[in-house]
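Student: let me see the structure of the following:
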Amino acid sequence: MTQIENYGWTPAWEQKITMTGQPGRVVLAHKGTYRVVTNEGEWLATPSGKFGFTHTREQYPAVGDWVVVTQMPGEQRAIIHEVLPRSSQFERKMAGRTTEIQLIAVNVDYAFLTMSLNQDFNVRRLERYLLAAYDSGAVPIIVLTKKDLCGDVRPYEEQLESIAFGVPIYAVSSKTGEGIEELKELFQPNKTAALLGSSGVGKSSVVNALLEAEWMTVSEIREDDAKGRHTTTHRELVLLPSGGAILDTPGMREFQLWESEDGLSESFQDIEGFAANCRFRDCYHQKEPECEVLEALRTGALAEERYASYLKLQRELAHLERKADVAAQREERAKWKQISKTVRTMPKVKR
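Tutor: Residues are numbered from 1 along each chain as shown. Model (predicted):
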């Protein structure tokens, strides 16, 4: 098996190449410079000058991307000419008022949605991660960490089973090793997983347990609030001894959704099922007569918290869509204003 096959290279990726060069995978990124693994070795790489003029921020390389590079003569450095079309893309809206996207993980087969079995456990937060996972193209898998600190896991699993329909749940302890072998079985030489979750939930400890080595620095749990300290400061893709690769990501203190209309339907299959029987097709499930969602609320078939979360996420996505439209219109006006200004300042041709 070649070097890049260890990282998940298959003939399917070969068919996506349109430029001349060496294929490789981005395993680390830092301030516009990337470490790329190829069959000829690991090189530090930067995008070509032309690349910057023809690609948006979202299209720039990210950890996990497959790229086409050429080595600089006599150096362990390379130029990136092409980023191959992604098979999956886990993303969120950047913090603040901007409508820009932030890539969290790309080209991963599994999205390990990670929560710890202590005070950090939050069903409503997981609903957000599930939305993004369904839209990403990766298979969502829930990983509950710090099992050694929990007397009875079953009540936690039952809460998740009521909102994450059919999503596998693994309860693990990096300290005792419980559940780690079962998690390893998901990996194959051509499979990649990303660990996603809040700060301090134990993602780095899980990576260390899977690697069977102290790869990531781990901090102890704070006694005052049962939360771990955030340790991972960058994204890095690493190979597992048993095969496959795993991407550890910095913890996210907040998770603002990006466009997730399809993910909303996938994540809230229970509410969508009730809604299919509403009298009106355009029912908003708030005051309309013969609304099956409201009837489910009345009978207790649908929990108030679940319903409130659905409405909140629905409003958030609608607001984001409006902001994106306004931003696109503003950008288009600015572009034509600049074109008009350029035309006015051009020297007139004498006839």
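Student: C-alpha only now, for contacts and for neighbours.
Tutor: Noted.
Student: just the terminal-to-terminal distance for stretch 105-124.
Tutor: Start and end residues of stretch 105-124 are separated by 21 Å (CA to CA, to the nearest Å).
Student: what of stretch 66-86?
Tutor: 8 Å.
Student: report the mean per-residue pLDDT for it.
Tutor: Regarding stretch 66-86, the rounded mean pLDDT is 94.
Student: buried residues in that stretch?
Tutor: By 16 or more other CA atoms under 10 Å, the buried positions in stretch 66-86 come out as 66-71, 77-84, 86.
Student: how close does T299 get to I4?
Tutor: When distance is defined by CA to CA, T299 is 55 Å away from I4.
Student: tell me which of the two has more neighbours.
Tutor: I4 (19 against 9; other CA atoms under 10 Å).
Student: which pLDDT value does the model give the more buried one?
Tutor: If you check I4, the pLDDT there is 92.
Student: mind listing what it touches?
Tutor: G24, R25, V37, T38, N39 (CA atoms under 8 Å, 6 or more residues apart in numbering).
Student: sorry, back to before: out of the buried residues of stretch 66-86, which are inside strands?
Tutor: Of those, the ones assigned to strands by DSSP state E are 66-71, 77-83.
Student: the chain: helices as residue ranges?
Tutor: Counting by DSSP state H, the chain has helices at residues 3-6, 11-14, 49-54, 123-136, 154-161, 180-184, 203-211, 261-267, 269-275, 292-299, 304-345.
Student: can you put the ones you listed in a markdown table and add distance to V172?
Tutor: Compiled in a markdown table, the helices of the chain are given as follows (distance: least, CA to CA, whole Å):
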| stretch | distance to V172 |
| --- | --- |
| helix 3-6 | 26 |
| helix 11-14 | 33 |
| helix 49-54 | 43 |
| helix 123-136 | 17 |
| helix 154-161 | 12 |
| helix 180-184 | 6 |
| helix 203-211 | 8 |
| helix 261-267 | 24 |
| helix 269-275 | 27 |
| helix 292-299 | 34 |
| helix 304-345 | 26 |
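Student: would you tell me which of those gets closest to V238?
Tutor: Closest to V238 of these is helix 203-211 (CA to CA; 8.7 Å).
Student: tell me which strands and helices that closest one is in contact with?
Tutor: helix 180-184, strand 192-197, strand 245-248 (3 or more CA pairs under 8 Å, 6 or more residues apart in numbering; DSSP states H and E).
Student: now it: average pLDDT?
Tutor: 90.
Student: so that helix versus strand 192-197, what angle?
Tutor: When axes from the mean of the first three to the mean of the last three CA atoms, to 10 degrees is applied, the directions of helix 203-211 and strand 192-197 differ by 150 degrees.
Student: between the helices of the chain, which gets nearest to I246?
Tutor: helix 203-211 (7.6 Å).
Student: distance from the chain centre to the closest one, please.
Tutor: 18 Å (CA atoms, centre = their mean, to the nearest Å).
Student: repeat that for stretch 186-205.
Tutor: Distance, centroid of stretch 186-205 to centroid of chain: 11 Å (CA atoms, centre = their mean).
Student: can you point out the buried residues in that stretch?
Tutor: Neighbour counts over stretch 186-205 (16+ other CA under 10 Å) mark 187, 189-205 as buried.
Student: which one of the helices of the chain has the lowest average pLDDT?
Tutor: For these, where the average pLDDT is lowest is helix 304-345, sitting at a mean of 64.
Student: so what's L126 up against?
Tutor: So L126 contacts L113 (CA under 8 Å, 6+ apart).
Student: for P241, see how far away it is.
Tutor: 30 Å.
Student: equivalent analysis for G21, please.
Tutor: 29 Å.
Student: again, but for Q59
Tutor: 31 Å.
Student: neighbour count winner among these two?
Tutor: Taking other CA under 10 Å, Q59 and P241 do not tie; Q59 has more neighbours (16 against 13).
Student: who are the neighbours in contact with the more buried one?
Tutor: V83.
Student: please repeat the previous calculation with a cut-off of 10 Å.
Tutor: With CA atoms under 10 Å, 6 or more residues apart in numbering as the criterion, the residues that contact Q59 are F51, G52, E82, V83, L84, P85, R86, L103.
Student: which among these gets closest to L317?
Tutor: L103 (17.7 Å).
Student: the closest residue to the closest one other than its chain neighbours - how many residues pack around it?
Tutor: Counting by CA to CA, 6 or more residues apart in numbering, L103 lies nearest to E91, which is 4.6 Å off, once chain neighbours are set aside. By the measure other CA under 10 Å, the count of residues near E91 is 23.
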